[in-house]
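Enquirer: Fold the following, please.
(2 chains, ligands or ions: 1)
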Amino acid sequence: MIHFGRRQFCKARRRLLAGLVSLPVAIVAWPKSPFRSDGIASALRRVFNDSIDHQVAIGHRYLAQEPGEASRQWLAGQVCGDLSMSAGVPAQALLVRLRSLRHDDFCRGDLVEIDGWLLARSEARLFALAALSFPA
Amino acid sequence: MLARFAEIQSGSQLAADVCIIGGGPAGITIARELTGTGLSVLLVESGGLEFDKETQNLYRGVNERGDFSLHKSRFRLFGGTSYVWGGWCAPLDEQDFESRPWVPNSGWPISKEDIDPFYRRAQSLFEIDRYRYQVEEWDFGSTPVFSLDPDKLAHRMWQISPPTEFGPVYVDQLRKSENVRVLLYANVTKVSVDPDGSSISGVTLRDLNGREARVSAAAYVLACGGIETTRLLLTSGQEAPGGLGNTEGLVGRYFMEHPHPDAGGVIFTTAAEDFRPYYEKEFESRNIVVGLGPSADAQRRLGILNCSVAFHGPLYHEPSAGMDSALKLSRALEHWQWPDNAGAHIATVLRDLDDVLRESYLRATDGKIRGFGLIARTEVAPNPDNRITLTSDRDELGMPRVRLDWSVGELERVTVEETVNLVAQEFGRLGVGRVQINQLLLENDDRWSRNLSWFGHHMGTTRMSDSPGQGVVDTNCKVFGTSNLYVASSSVFPTCGYANPTLTIAALAIRLADHLKVLAKSDRLRES
Ligand SMILES: Cc1cc2nc3c(=O)[nH]c(=O)nc-3n(C[C@H](O)[C@H](O)[C@H](O)COP(=O)(O)OP(=O)(O)OC[C@H]3O[C@@H](n4cnc5c(N)ncnc54)[C@H](O)[C@@H]3O)c2cc1C
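Expert: Okay, here's the model as predicted:
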């Protein structure tokens, strides 16, 4: 369980918001970072276009709610399905799949609540994957 | 004709065919409808043409919940509470009239179809465009409304009246009327019943200077608002135990109000312009508001009440309870008012000061709107324990004051939660925005209901039914067990939907006026 102080909580909320809005935009080059550089991490970098902190913050909060899902392999399977998440996966294909998963979640009403934000489960899982792939 | 009670000799006996008690939107509407009919109509009104504090004090009472004051949520002068109202008009939905198995005590004895023609006639009273409450009937220009999944959401629509102040707008018409007399500063303190207990023999009028008179009429219409009508019934008819029309102990029960919780907010993930129909208030040179709510199918499937959410307050950063409270405080102060629950709002602002400062800074400097707050207006379930009773305390005219004892329940919370959830699903599916829910709505306790906004929608305490065991008035709004006493008020609503009540009050008032005209034609006004 992650405990946030009031100020940290506000900051996390802001990051979360920025993270939410960042997902739908186009892929841009990911800046060099000190984080892990395996296949999943590099695929994620190409999905997010902005500081991965945002997504990581959301992901941590999701994992605090769903500790049973804290497995990178399992989450990668959920998020990527047949497209195994690796450095070689075309980013566009991955984005298309993510958007379609998210759309289906919204249609089905499969939402998760994080700090009041009502997110598609698949995007929360994607962020959880980011949280496990880029530990602070 | 217009007169003041002081112009009439104390002890006078006045007579009329129809006596209307109360000159708010309901009473004025009936008086207008009866203008030129040849019936002699007397409208007695407690207040004058201007607001005065002494008369207003007659409305003091106790609201056990403490979240709004009874004397600040209704107004006692000619024109009634339209003196302060907001002018939001919308009809009830078809399903609001139906008996819904998942909503105990729901169902009207009439259908939407029965009242539709009267809605259309009522529309012009509010100085608004023709009757059209479907988004399809409006031209939103280059940005149409979203195409919603009908299993989940439906659009809500209000037409906004200027807002019509019924007093100043209609006083001249009634002043000039040859068959309608309006008597100001005349408080009805008692409705008396014939010895046989079924027909009303007269009403007692009093003013604050101790003058008294009596009115006898063939038919009487109580149009004193959702609480005062009930108070008069409970106070009157000493011959009838518990008050007039109260053999079943139902007068005063099933009180309803529309809670307006802050539901959260939406942040756009698309151009703000795409949301134009939902935040712009003017289309086709008319003032309207477009909102969202659970479709009839969703209400049935989820077992929830009717509800609406609409955008309010642009967001320059993100939703925050502190900013909501800050806006409420500033709006109230702009009108030189001190909100009833100011303490709670101040505490929320202080708790959220960080967000309030950031939002205010961005408002002042950045100016880019990123989203909107969401305000809900939900139906409440009719509950016999939500109740108006009389206290031992008396007002300046010697009438017992009222106590309102009620609560907002779990079904209402779940309704708002599910509605926001449906909005999140649809905005997500359409790829236009993300929704943040007010987290208090997720807690299954009553904290969410402690910081609600209220707008004087007092409904339900003399409910309409087709049997006296289930209600206080029949389908013609006549009080069961009486031959000539009628009610024109939102107190007759058995359920309240999400729609603001005044358009429906006016529609029912016109319907009642038609009924009285028919009775008068066949000489049956004093029905037995
Ligand atoms: C802040 C606020 C905002 C609102 N906004 C909206 C809105 O946007 N849309 C909407 O639909 N509704 C709104 N309402 C509610 C609306 O004002 C009422 O639904 C409407 O005024 C009810 O009309 P009425 O004639 O039944 O009762 P009232 O308007 O309350 O009139 C009752 C009349 O009876 C008189 N009276 C009372 N007792 C006696 C007595 N014993 N003897 C003689 N006369 C008596 C009173 O003086 C008064 O004139 C709002 C209310 C408030 C407080």
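Enquirer: who's in contact with B:Gly47?
Expert: Contact analysis of B:Gly47 by Cβ atoms under 8 Å, 6 or more residues apart in numbering or on different chains lists B:23, B:55-56, B:75-78, B:184-185. (C-beta placed from N, C-alpha, C; glycine too.)
Enquirer: repeat that with 10 Å
Expert: B:Gly47 makes contacts with B:22-24, B:54-56, B:58, B:75-80, B:83, B:167, B:184-187, as judged by Cβ atoms under 10 Å, 6 or more residues apart in numbering or on different chains.
Enquirer: likewise B:Gln56?
Expert: B:46-47, B:71-72, B:74-77.
Enquirer: Among those, which pair sits farthest apart?
Expert: B:Ser46 and B:Lys72 (16.5 Å; Cβ to Cβ).
Enquirer: how many other residues sit next to the residue lying closest to B:Pro91 once chain neighbours are set aside?
Expert: Nearest residue to B:Pro91, sequence neighbours excluded (Cβ to Cβ, 6 or more residues apart in numbering or on different chains): B:Tyr119, at 4.9 Å. Neighbours of B:Tyr119 under the rule other Cβ atoms under 10 Å in any protein chain shown: 22.
Enquirer: Quick check: the gap between B:Leu292 and A:Gly68.
Expert: From B:Leu292 across to A:Gly68, the span is 34 Å (Cβ to Cβ, to the nearest Å).
Enquirer: So between the two, which is more surrounded?
Expert: B:Leu292 (26 against 7).
Enquirer: Give the other helices and strands that whatever helix or strand the more buried one lives in contacts.
Expert: If you go by DSSP states H and E, B:Leu292 is part of strand B:286-294. Other helices and strands packing on strand B:286-294, by 3 or more Cβ pairs under 10 Å, 6 or more residues apart in numbering or on different chains; DSSP states H and E, are strand B:88-89, strand B:153-160, helix B:276-279, helix B:296-302, strand B:307-315, strand B:371-378, helix B:410-430.
Enquirer: which parts of that strand are buried?
Expert: Neighbour counts using 16 or more other Cβ atoms under 10 Å in any protein chain shown place B:287-294 of strand B:286-294 among the buried residues.
Enquirer: is it up against the ligand anywhere?
Expert: No: for strand B:286-294, no contact with the ligand is found by Cβ under 6 Å from any ligand atom; the gap never falls below 10.1 Å.
Enquirer: In chain A, which residue sits nearest the ligand?
Expert: A:Gly116 (28.3 Å; Cβ to the nearest ligand atom).
Enquirer: That residue is in contact with B:Val435, isn't it?
Expert: Yes: counting by Cβ atoms under 10 Å, A:Gly116 does reach B:Val435; the two are 8.8 Å apart.
Enquirer: When the two are compared, which one has more neighbours?
Expert: B:Val435 (27 against 21).
Enquirer: thought B:Leu422 was touching B:Gly293?
Expert: Yes: counting by Cβ under 10 Å, B:Leu422 touches B:Gly293, with 8.6 Å between them.
Enquirer: Touching both of these two, which residues are there?
Expert: With contacts defined as Cβ under 10 Å, 6+ apart, the residues shared by B:Leu422 and B:Gly293 are B:153-154, B:307, B:309.
Enquirer: could the residues you listed go into CSV alongside pLDDT?
Expert: Listed next are the shared contacts of B:Leu422 and B:Gly293 as CSV, based on pLDDT from 0 to 100:
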residue, pLDDT
B:Leu153, 98
B:Ala154, 98
B:Cys307, 98
B:Val309, 98
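Enquirer: ok, which of those residues also contact the ligand?
Expert: The subset of the shared contacts of B:Leu422 and B:Gly293 within reach of the ligand, by Cβ under 6 Å from any ligand atom, is empty.
Enquirer: any idea which of these is closest to chain A?
Expert: Of all the shared contacts of B:Leu422 and B:Gly293, B:Leu153 has the smallest distance to chain A: 11.7 Å, by Cβ to the nearest Cβ.
Enquirer: show me what contacts the closest one?
Expert: With Cβ under 10 Å, 6+ apart, B:Leu153 has these contacts: B:146, B:292-295, B:298, B:309, B:419, B:422-423, B:425-427.
Enquirer: Distance to B:Arg447 for those - can I get that in a markdown table?
Expert: Below are the contacts of B:Leu153 laid out as a markdown table (distance: Cβ to Cβ, whole Å):
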| residue | distance to B:Arg447 |
| --- | --- |
| B:Phe146 | 32 |
| B:Leu292 | 25 |
| B:Gly293 | 23 |
| B:Pro294 | 23 |
| B:Ser295 | 29 |
| B:Ala298 | 25 |
| B:Val309 | 20 |
| B:Thr419 | 18 |
| B:Leu422 | 22 |
| B:Val423 | 22 |
| B:Gln425 | 25 |
| B:Glu426 | 27 |
| B:Phe427 | 26 |
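Enquirer: out of these, which is most surrounded?
Expert: B:Thr419 (31 neighbours).
Enquirer: The nearest residue to that one once chain neighbours are set aside and the ligand: what is the separation?
Expert: Distances taken as Cβ to Cβ, 6+ apart place B:Cys307 nearest to B:Thr419, at 4.4 Å, with adjacent residues excluded. Counting by Cβ to the nearest ligand atom, to the nearest Å, the gap from B:Cys307 to the ligand is 17 Å.
Enquirer: Who is B:Cys307 paired with across the strands?
Expert: B:Thr378 (DSSP bridges).
Enquirer: what number of residues lie near it?
Expert: The number of residues near B:Cys307, taken as other Cβ under 10 Å, comes to 29.
Enquirer: And for B:Ala347, the neighbour number?
Expert: 14.
Enquirer: Same question for it, what's its three-state structure.
Expert: With DSSP: H, G, I helix; E, B strand; the rest coil as the basis, the three-state label of B:Ala347 is helix.
Enquirer: so what's it up against?
Expert: B:Ala347 touches B:322, B:325, B:341, B:451, counting by Cβ under 10 Å, 6+ apart.
Enquirer: Surely the second one is in contact with B:Glu359?
Expert: No: under the criterion of Cβ under 10 Å, B:Ser325 lies out of contact with B:Glu359, with a separation of 11.7 Å.
Enquirer: who touches both of those two?
Expert: Counting by Cβ under 10 Å, 6+ apart, the residues touching both B:Ser325 and B:Glu359 are B:Asp352.
Enquirer: Name all residues that make contact with the residue in the stretch 1-150 of chain B positioned nearest to chain A.
Expert: Closest approach between the stretch 1-150 of chain B and chain A, counting by Cβ to the nearest Cβ: B:Asp149, at 7.8 Å. B:Asp149 makes contacts with A:106-107, B:295, B:297-298, B:422, B:425-426, B:429-430, as judged by Cβ under 10 Å, 6+ apart.
Enquirer: Could I get the full set of helices for the chain?
Expert: Using chain A here. A:6-22, A:39-47, A:53-65, A:72-80, A:91-108, A:121-133 (DSSP state H).
Enquirer: wait, chain B
Expert: Assigned by DSSP H, chain B shows helices spanning B:25-34, B:53-56, B:112-123, B:166-176, B:228-235, B:276-279, B:296-302, B:321-334, B:342-351, B:353-365, B:410-430, B:502-521.
Enquirer: list the helices and strands the first one packs on?
Expert: Of the remaining helices and strands, those touching helix B:25-34 by 3+ Cβ pairs under 10 Å, 6+ apart are strand B:13-21, strand B:41-44, helix B:112-123, helix B:166-176, strand B:180-184, strand B:212-222, helix B:502-521.
Enquirer: Using JSON lines, lay out those together with distance to A:Phe127.
Expert: What follows is these, written out as JSON lines (distance: least, Cβ to Cβ, whole Å):
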{"stretch": "strand B:13-21", "distance to A:Phe127": "63"}
{"stretch": "strand B:41-44", "distance to A:Phe127": "65"}
{"stretch": "helix B:112-123", "distance to A:Phe127": "46"}
{"stretch": "helix B:166-176", "distance to A:Phe127": "55"}
{"stretch": "strand B:180-184", "distance to A:Phe127": "66"}
{"stretch": "strand B:212-222", "distance to A:Phe127": "60"}
{"stretch": "helix B:502-521", "distance to A:Phe127": "46"}
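Enquirer: Kind regards, and thank you for your time.
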